[in-house]
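Asker: No letters, just coordinates:
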C-alpha cells in the first residue's frame, strides 16, 4: 500500500469511527418541536416521547413546532392547537401546545407532567380525544391527585390502555 493511500484509509477510518461514536446519543430526539418556553417543558416533552415509544406508540412529532406559555380563556389550563387543511388533515409543523404558566408552576412535579402529557397526547397522536373516565389522563377536566403515586399510576394506566 502506498503512503498516500494509507493516509486516506486512516482518515476514512477516523471519520467512520467518529460517526459510529457520535451518532448514537448526541440528539436522540431530532424531530422534536423547534421551540420551548422553558427547559422544563422541553424535558417533559422529551420524556413523553421516550415514554410513548417505550409503550409502542409512535408520536407524530412534526405536528407541532412549539410548546409555549399562553394566557388561556376561562378555566382552560392547557391547549393543543393543530392546524388542519380543508380535508381535516393535520398540517405538519404549524401546531403548538400552549400551557398556562402560573397554573403549571403551582403544580407538583407529576401534576406538571400530567398536564403536559395530556396536551401532547392531543397534538402528537393526531387529535386523540378526551375520555369519559374521571380517573383517566385524558379526562377533559383537571384531576385532583391524592398523591404523586396516584398521578404516576394515572399516566402509566394511559400508556397501558387501562
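Answerer: Perfect, thanks for sending it. All figures in this text were calculated on a predicted structure; none of them were measured in a lab.
Asker: what about the helices in the protein?
Answerer: Per DSSP state H, the chain carries helices over the ranges 3-23, 39-54, 101-105, 109-124, 148-159.
Asker: who are the neighbours in contact with the residue nearest to residue 110 when sequence neighbours are not counted?
Answerer: Spatial nearest neighbour of residue 110, excluding adjacent residues (Cβ to Cβ, 6 or more residues apart in numbering): residue 151 at 3.6 Å. (Glycine included, C-beta is placed from N, CA and C.) With contacts defined as Cβ atoms under 8 Å, 6 or more residues apart in numbering, residue 151 is in contact with 108, 110-111, 113-114, 143, 145.
Asker: what's the neighbour count on the nearest residue to residue 48 once chain neighbours are set aside?
Answerer: Closest residue to residue 48 apart from its sequence neighbours, by Cβ to Cβ, 6+ apart: residue 120 at 4.9 Å. Residue 120 has 26 neighbours, counted by other Cβ atoms under 10 Å.
Asker: Model confidence at the closest residue in space to residue 40 that isn't next to it in sequence, what's the number?
Answerer: Once flanking residues are discounted, residue 40 sits nearest to residue 112: 7.2 Å by Cβ to Cβ, 6+ apart. In this model, residue 112 is scored at 97, pLDDT.
Asker: wait, what's in contact with residue 112?
Answerer: 40, 44, 104.
Asker: what's the closest of these to residue 127?
Answerer: residue 44 (20.1 Å; Cβ to Cβ).
Asker: measure that closest one to residue 35 for me?
Answerer: 15 Å (Cβ to Cβ, to the nearest Å).
Asker: How many neighbouring residues does residue 106 have?
Answerer: For residue 106, using other Cβ under 10 Å, the count is 10.
Asker: measure it to residue 100 for me?
Answerer: Taking Cβ to Cβ, one finds residue 106 at 10 Å from residue 100.
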